[in-house]
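Q: pasting the sequence and the predicted coordinates here, then a few questions.
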Amino acid sequence: MQFSSIRIITADNHRLVQFYELVTGMTLTQHTDDFAELRTPSVTLAIASTRTSPLFGNNQVVTAASNRSVIIEFRVNDVDADYEKLVDILGESVIQKPTTMPWGNRSFLFRDPDGNLVNFFTPVTAESLKRADE
């Protein structure tokens with residue numbers, strides 16, 4: 001089995017696509033007005049409009065919601081440089097400035113426009129670098 005993607009359901013697909021393009025510096029593939037993907041070598045972040053909900057059975061199966069239990073994480077080359085580049089753009093959506101976590105990653109956390117928690121991190125200890133390369 002291979003974990004391949006995570007999908008965010010949103011009421012404003014265009015806004016979320018623009019946001020992730022801005023913070024990642026990558027261009028998302030817009031398959032339709034209601035569905036886009038940010039493909040990376042390891043996993044895909046899919047963004048879909050609430051208008052796609054009926055495709056999954058009915059409008060109650062998949063809905064946009066406030067997320068307080070999942071963190072969308074991106075490994076970056078230099079979390080401190082990314083923080084400096086984005087801090088003024090993100091403003092009050094910054095939750096945590098770059099901090100070295102007990103497990104060896106240096107993390108910068110912020111919320112996307114839908115309130116999803118996003119973590120940009122860089123492994124900084126020998127142990128976390130080893131784990132990252134496995």
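A: Cool, the structure landed.
Q: how is the chain carved up into domains?
A: Per the record, the chain has its domains at 1-59, 70-133, by the TED database.
Q: weakest of these by average pLDDT?
A: Lowest mean pLDDT of the domains of the chain: domain 1-59, a mean of 92.
Q: grab the nearest non-local neighbour of residue 103.
A: residue 128 (6.4 Å; Cβ to Cβ, 6 or more residues apart in numbering). Where C-beta positions appear, they are placed from N, C-alpha and C, glycine not excepted.
Q: and for the one you found, the neighbour number?
A: 18 (other Cβ atoms under 10 Å).
Q: sec struct for it, please.
A: helix (DSSP: H, G, I helix; E, B strand; the rest coil).
Q: how about residue 90?
A: helix.
Q: and for residue 23?
A: Residue 23 falls in the helix class when you classify it by three-state DSSP.
Q: pretty sure it contacts residue 87?
A: No: using Cβ atoms under 8 Å, residue 23 makes no contact with residue 87, being 11.3 Å away.
Q: these two - which one has more neighbours?
A: Higher neighbour count among residue 23 and residue 87: residue 23, with 18 against 14, using other Cβ under 10 Å.
Q: not counting its neighbours along the chain, what's nearest that one?
A: Using Cβ to Cβ, 6+ apart, the nearest residue to residue 23 is residue 86, at 6.0 Å.
Q: for residue 70, give me its contacts.
A: 6, 116, 117 (Cβ atoms under 8 Å, 6 or more residues apart in numbering).
Q: not counting sequence-adjacent ones, nearest residue to the second one?
A: In this case it means residue 116. residue 67 (5.0 Å).
Q: ok, that neighbour to residue 52 distance?
A: 17 Å (Cβ to Cβ, to the nearest Å).
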